[in-house]
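Novice: predicted model and sequence follow; I will ask about them next.
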Amino acid sequence: MLADRPYMRNTPSFSRWSSSATLVVLVVNLAVFILQNVNHVYVQSPIERYLALSSAGLAHGYVWQLLTFQFLHWSFWHFFINSAMLFMFGRPVEMALGRGRFFEIYFFSGAMGGLLQGLLGLVFPMPFGLPTMGASAGVSGLLAMYCVLNRDQTILFMFVLPMRAWHLLIGSLMVAGFFVLVPAEPGIAHAAHLGGMLAAMGYEKWLLRRERSLFNWRPYGAIVRSRELVKTSSHKRAFWQKQNSNVTDDLPPGEFISREVDPILDKISAHGIQSLTERERRILEAARAKMSKR
């Protein structure tokens, strides 16, 4: 249904954040980081032995480490950088695809990145067999998904250098792949980063494009009937012209949805909400207003 789309919900900003999957993950990571440091100072329980990812742990059947290692961090700066990247790329992905997809992409990418790191550790114990902690595998997956959905979006790399999102993804893949082949930085889990990005790209190709999901999340419980992509015209107006707010008011609701809104939703599904023009955003606002009057 149209109302199920996250970008069509007319809710206050506080309500949106209170139900944000990105915020949930950030808060849980913060809580775990605090407990982890309290344990180091006062309890000194060897929780990392069972919760951090290690090749030895996977060999012993500790498969839960593929999930739990994503909540642990080595230091404050490790936690801070991962949290900043999670906010930067996670929130746009969640807004474009919804909470269910966000959770799937984040944890699936994290688990697959951890699995690649662990398997390489079994074969090459010295560079890859060290314990692994951190959210960077899942964050790498969110980065990859953002770049795939917004290929032509300009990003300030290191907050200074402007570059296309697709070029950022290619560069990140090359860096991670290089250090997997030439493991000169054993303290950084480049294999987990590479695995996370590849997992997200595979998710986009084999699940997202086919409108499938790993779990039966409510917004994606039913398979949406595929529609032919229809191009919508973009009428430019001079700055002195008055905006025509009645352009869609005369259409019946059913015809308005199929003729005006459906092509825009297809465009969002294919290229992300950031690709919309000003006119298309006005049409979505008109659709939201029509739904609120029901």
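Specialist: Right, received. Where do you want to start?
Novice: what is the mean pLDDT for the helix or strand where Arg281 lies?
Specialist: Using DSSP states H and E, the element containing Arg281 is helix 278-292. Helix 278-292 shows a mean pLDDT of 74.
Novice: per-residue pLDDT, Leu130?
Specialist: At Leu130, pLDDT is 90.
Novice: can you tell me the closest non-neighbouring residue to Ile188?
Specialist: Nearest residue to Ile188 in three dimensions, chain neighbours excluded: Phe179, at 7.2 Å (CB to CB, 6 or more residues apart in numbering). Yep, even glycine has a C-beta here, placed from its N, CA and C like the rest.
Novice: hmm, I was thinking of Glu104
Specialist: Glu104 sits nearest to Leu214 (CB to CB, 6+ apart), 4.9 Å away.
Novice: quick one: the one you found from Ala200, how far?
Specialist: According to CB to CB, to the nearest Å, Leu214 and Ala200 sit 12 Å apart.
Novice: now Val24
Specialist: 19 Å.
Novice: of those two, which one has the most company?
Specialist: Neighbour totals were compared for Val24 and Ala200, and Ala200 leads with 30 against 14 (other CB atoms under 10 Å).
Novice: quick one on the thing from earlier: what touches both of Leu214 and Ala200?
Specialist: Counting by CB atoms under 8 Å, 6 or more residues apart in numbering, the contacts common to Leu214 and Ala200 are Phe108.
Novice: only alpha carbons, please: show stretch 87-101 as CSV.
Specialist: Coordinates of each C-alpha in stretch 87-101 appear next as CSV, following Å, rounded to 0.1, in the frame of the first residue of the first chain:
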residue,chain,number,x,y,z
PHE,A,87,24.6,7.5,10.9
MET,A,88,25.9,8.9,7.7
PHE,A,89,24.9,6.0,5.5
GLY,A,90,22.4,4.1,7.5
ARG,A,91,19.8,6.8,7.9
PRO,A,92,19.5,7.4,4.1
VAL,A,93,19.3,3.7,3.4
GLU,A,94,16.6,3.3,6.0
MET,A,95,14.6,6.2,4.6
ALA,A,96,14.8,4.8,1.1
LEU,A,97,14.1,1.1,1.9
GLY,A,98,12.4,1.0,5.3
ARG,A,99,13.4,-0.4,8.7
GLY,A,100,13.1,-4.1,7.8
ARG,A,101,15.4,-3.8,4.8
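Novice: pLDDT on the helix or strand hosting Asp262, on average?
Specialist: Here Asp262 sits within helix 262-271, counting by DSSP H and E. Taken as a whole, helix 262-271 has a mean pLDDT of 74.
Novice: which residue ranges of this structure form strands?
Specialist: Assigned by DSSP state E, the chain shows strands spanning 154-157, 161-164.
Novice: I'd like the average pLDDT over the first one.
Specialist: Meaning strand 154-157. Per-residue pLDDT over strand 154-157 has a mean of 87.
Novice: now it: buried residues?
Specialist: For strand 154-157, a neighbour-count test (16 or more other CB atoms under 10 Å) marks Ile155 as buried.
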